[in-house]
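Participant: Quick one: sequence and predicted model below, then my questions.
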Amino acid sequence: MARGLYLSSSHFILILLASSLQVFQTLVYSADNHTRSSFTQINRHLYHSSVDLMEEIKGFVHRHPDKLSIETFKTENKGYKAEITVVTYSRNRREIDDRSKFRILLSFGQHGRELITSELALRILSVLSEEKFLPKMDHAILRDTLDRLLVKIIPMENLNGRKLVEAGDLCERRNGNSVTFVLSYSDFTFIWKDIGLLGLFSVAGRGVDLNRNWSVDWGKKEKDYDPYEENPGISPFSEPETQIMRKLSKSFEPHMWVNVHSGMEVTANSVDEIYKFVGPDRSSNSCLDEALFMPYDHKNTTPDGLPSQKMRLMLENLNHLHCHDRCMIGSGGGSVGYLAHGTATDYMYDIVGVPMAFTFEIYGDGTASSRDCFKMFNPTDQKTYTRVLDDWSAAFFSLFKLGPNQLKEIHSMPAVNIEKLVSIDAYLEGYLMARSSRYGKKTEVLDLGMQEIRTYFRLFLLSSVLLMFMFCTRISKSQCSRPNISTMPL
């Protein structure tokens, strides 16, 4: 009887707190759903669902096996499963020729709410398969350009996050990784999942931004850090999606990387810098919508040297030809007005050694409310939707043409070699890597070691809290079980 009383008394407050938070979350979620209905919803007539889009892509591959092939990579980490589909393009594929071609790696849909980016991937594949053609593009010149290319396209890097968006969470940019924290004490078990209490005990939290989960400058937080938007995960490459992408970049060794996004947000402090690129006319916000970025995202400077100069020259040409000089150009960190740490583009440039690494922002509606996410990140009418796909697909094929020529001029670039080191962490799948970079030998071991220390420190703090709880509960139990001795008059 005493033990039953002890269990109920020691856990009643926690049960009540967890239940209250669950009710509160339900009320907030219901109110949020009501508010969402007043915002712009996905235009199903313009946009493919994730399932339909992948079916369209598989159709291209089925009809053009001489040009296209498709692979799906799957992995999981601590119960969270993810998959990434990769489409490879190469005309007249012969394995002996592929390594001599100009290798391009393109990623779309890294953030679930940016549907227009995956639509652009579909459009590019339709042109590569020659089922659609670019206006004002000579077909003979196009074929000559494509003969020299080996292109890998990831149409939807964040499939799980995309499914959350399609289910109604239109502002979701993170992946679908949901952490469950289990507290076991005596013969009683508590599970908190996706409720407010999780933030007190969890070392990760729900949803990770895949463009903050890479190792270059990982985990640093600016003053305006928003955990809902920029959760970097518990360590670099903690997420299956980034693990797959890292393996792909290591094996493919691209000459060019482009990470495609939409819905760029620009801080007020950087507006004056923006107009240096677009001129004195401030009557239009179009300059805030599209951008051609190069490294770095985690600092407000661009790299020194010939590769950086060639990258900027390419972007200036694209800006003139396809953006009509309205796109921002420069480092992601310096142009937007805030720094981003742990991004894919910085990793590709600094660690993988990709000579040409870019981030493109292809659309944004600066007039939309920050809560009206579909409108902010995606065109909502047929005319704008078509204009974005036409302009940016043409820009990509100009990039394909410029890339090999620019690479020839970077003749001093050393070859990239891969070394594998034994890792101390299981979720990195047994490997850390050290690669030759343009600045000399560079390893990830130190950064990853520091993240290990931070992770174990968090676990130490969590254990301390639990031990304190158990200690206080034990004291409470012993006080309750002590027999009352009445005083006897002498």
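Facilitator: In hand now; what should we look at?
Participant: For the rest of this, base every contact and every neighbour count on C-alpha atoms.
Facilitator: Noted.
Participant: CA atoms only: put stretch 53-62 into PDB for me.
Facilitator: What follows is stretch 53-62, C-alpha atoms only, in PDB (Å, rounded to 0.1, in the frame of the first residue of the first chain):
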ATOM      1  CA  LEU A  53       6.200  14.500 -59.200                       C
ATOM      2  CA  MET A  54       8.300  11.400 -58.600                       C
ATOM      3  CA  GLU A  55       6.000   9.500 -60.900                       C
ATOM      4  CA  GLU A  56       6.600  12.100 -63.700                       C
ATOM      5  CA  ILE A  57      10.300  11.700 -63.100                       C
ATOM      6  CA  LYS A  58      10.200   7.900 -63.300                       C
ATOM      7  CA  GLY A  59       8.300   8.300 -66.500                       C
ATOM      8  CA  PHE A  60      11.200  10.400 -68.000                       C
ATOM      9  CA  VAL A  61      13.700   7.700 -66.900                       C
ATOM     10  CA  HIS A  62      11.600   4.900 -68.400                       C
END
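Participant: Not counting that stretch itself, show me its contacts.
Facilitator: For stretch 53-62, contacts defined as CA atoms under 8 Å, 6 or more residues apart in numbering pick out 67-70, 119, 122, 125-126, 129.
Participant: again, only using 10 Å
Facilitator: Contact with stretch 53-62 is made by 47-49, 52, 64, 67-70, 85, 87-89, 118-119, 121-123, 125-126, 128-131, 155-156, as judged by CA atoms under 10 Å, 6 or more residues apart in numbering.
Participant: Sort out which of the residues you listed are buried, if you could.
Facilitator: The neighbour count (16 or more other CA atoms under 10 Å) marks 47-48, 64, 67-70, 85, 87-89, 118-119, 121-123, 125-126, 128-129, 155-156 as buried among the contacts of stretch 53-62.
Participant: Mind checking which of these are in strands?
Facilitator: Within the buried ones among the contacts of stretch 53-62, residues falling in strands by DSSP state E are 68-70, 85, 87-89.
Participant: what would the residues you listed look like in JSON lines with distance to His320?
Facilitator: Output for these, formatted as JSON lines (distance: CA to CA, whole Å):
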{"residue": "Leu68", "distance to His320": "31"}
{"residue": "Ser69", "distance to His320": "34"}
{"residue": "Ile70", "distance to His320": "34"}
{"residue": "Thr85", "distance to His320": "33"}
{"residue": "Val87", "distance to His320": "30"}
{"residue": "Thr88", "distance to His320": "29"}
{"residue": "Tyr89", "distance to His320": "28"}
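Participant: Now distance to Asn319 and pLDDT too, for these, in TSV please.
Facilitator: Output for these, formatted as TSV (distance: CA to CA, whole Å; pLDDT from 0 to 100):
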residue	distance to Asn319	pLDDT
Leu68	29	96
Ser69	32	96
Ile70	32	97
Thr85	30	98
Val87	27	98
Thr88	27	97
Tyr89	26	97
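Participant: helix or strand right after the helix or strand in which Ile329 is found?
Facilitator: Assessed by DSSP states H and E, Ile329 sits inside strand 328-331. Downstream of strand 328-331, the first helix or strand assigned by DSSP H and E is helix 332-336.
Participant: Show me which residues of that next one are buried.
Facilitator: In helix 332-336, the ones that count as buried by 16+ other CA under 10 Å are 332-336.
Participant: With stretch 149-167 instead?
Facilitator: Buried-residue list, stretch 149-167, by 16+ other CA under 10 Å: 149-166.
Participant: and it, how far apart are its ends?
Facilitator: Terminal residues of stretch 149-167 are spaced 37 Å apart (CA to CA, to the nearest Å).
Participant: Repeat that for stretch 160-173.
Facilitator: Length of stretch 160-173, first residue to last, CA to CA: 10 Å.
Participant: Next: stretch 355-367.
Facilitator: End-to-end distance of stretch 355-367 (CA to CA): 36 Å.
Participant: for it, what is the average pLDDT?
Facilitator: Mean pLDDT, computed over stretch 355-367, is 94.
Participant: likewise stretch 153-166?
Facilitator: Stretch 153-166 comes out at a mean pLDDT of 97.
Participant: same deal with stretch 173-188?
Facilitator: 56.
Participant: who does Met294 bridge with?
Facilitator: Beta bridges link Met294 to Ser331 when assigned by DSSP bridges.
Participant: List the contacts of it.
Facilitator: Contacts of Met294 by CA under 10 Å, 6+ apart are 258, 301-303, 308, 311-312, 315, 329-333, 345-346, 349, 356-360.
Participant: How much space separates it from Val208?
Facilitator: Here Met294 is placed at a distance of 23 Å from Val208 (CA to CA).
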